[in-house]
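Novice: quick one, structure for this:
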Amino acid sequence: MSRPDAPRIAAPQLPTLIGAGAGADADGEPFADALLSWTTDEASAIGAEIADSRLVRLPAERLTSRRLRLTEVEVGSPAIVDWDASRSSWRGVAIVGGSIGVLDASGSRWNNVSLAGVRIGYLNLREATLSDVRLTGCRIGTLDLAGATTTRTAVADCLVEDLDVRNRKGEHFDLRGVDVVRLNRLDGADSLVGATVTDQQARWLGPVLARALRITVEES
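Specialist: Sure, this is the predicted structure:
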């Protein structure tokens, strides 16, 4: 039986898909039931809506897609340097494998979203609202959750080098899968209220939390 505070993740249920190409300018375009790919190095999809589809190829360099709406979408092995998806809405989205230099999803709303086995240099989720989100087996340079609101959000079997949780709000924030020994930097330790950690992590985090709360620890 799963924990009641575990993310409620369901894989996208996709219909029969038809191959489709997206051009360099796909601003505001709707796509549905598509095997969607870009052949350009840079593209814009600001305000686009993609539903019941699989993204098989993203632009190699940059995709500007602020306010992008993804609903029941799979993204397979992306290879992109810079993906601007700020202020977007993702529901029922799964990203599997691949490499993303920068994924900017600041100010976005993610519901039922999973990232598995993805290498990301900088994952920007500042001021985002996350509900039922799971990161599994990912390698992330910086995970930025400053000002984010998290509900049933879990990081499992992930290597995170820098973690920023300043002013994070919410509950059911499961960090048991973070290798804290290899965590280089933690900002906002006092905003870990409601987080779940292991005994080993708690021992490592003790001095960090003491400093954040200005607690003086002295020899008895």
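Novice: show me the helices in the chain, by range?
Specialist: For the chain, applying DSSP state H gives helices covering 199-212.
Novice: by contact count, what packs against the helix or strand of it with the lowest mean pLDDT?
Specialist: Least confident helix or strand, the chain: helix 199-212 with a mean of 74, by mean pLDDT, DSSP states H and E. Packed against helix 199-212, as judged by 3 or more CB pairs under 8 Å, 6 or more residues apart in numbering; DSSP states H and E, are no other helices or strands. The way it works is simple: take the backbone N, C-alpha and C, and place the C-beta from them, glycine included.
Novice: what's in contact with that helix?
Specialist: Helix 199-212 is contacted from outside by 175-176, 178, 180-181, 186, 188-190, 192, 197, 215-217, using CB atoms under 8 Å, 6 or more residues apart in numbering.
Novice: could you list the low-confidence segments of this protein?
Specialist: 1-4, 208, 212-213, 217, 220 (pLDDT under 70).
Novice: repeat that for 80
Specialist: 1-5, 180-184, 189-190, 193-194, 201-220 (pLDDT under 80).
Novice: for Glu219, grab the count of nearby residues.
Specialist: Neighbours of Glu219 under the rule other CB atoms under 10 Å: 3.
Novice: oh, and call the first residue 10 from now on, that's how I've got it
Specialist: Got it, first residue is 10 now, which makes that one Glu228.
Novice: for it, give me its contacts.
Specialist: Counted by CB under 8 Å, 6+ apart, Glu228 has zero contacts.
Novice: and Ala57, by the same measure?
Specialist: Ala35, Asp36, Gly37, Glu38, Pro39, Phe40, Ser74, Leu77, Arg78.
Novice: would you show me how to pick out the buried ones of these in ChimeraX?
Specialist: Per 16 or more other CB atoms under 10 Å, the buried members of these correspond to this ChimeraX selection:
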select :35,40,74,77,78
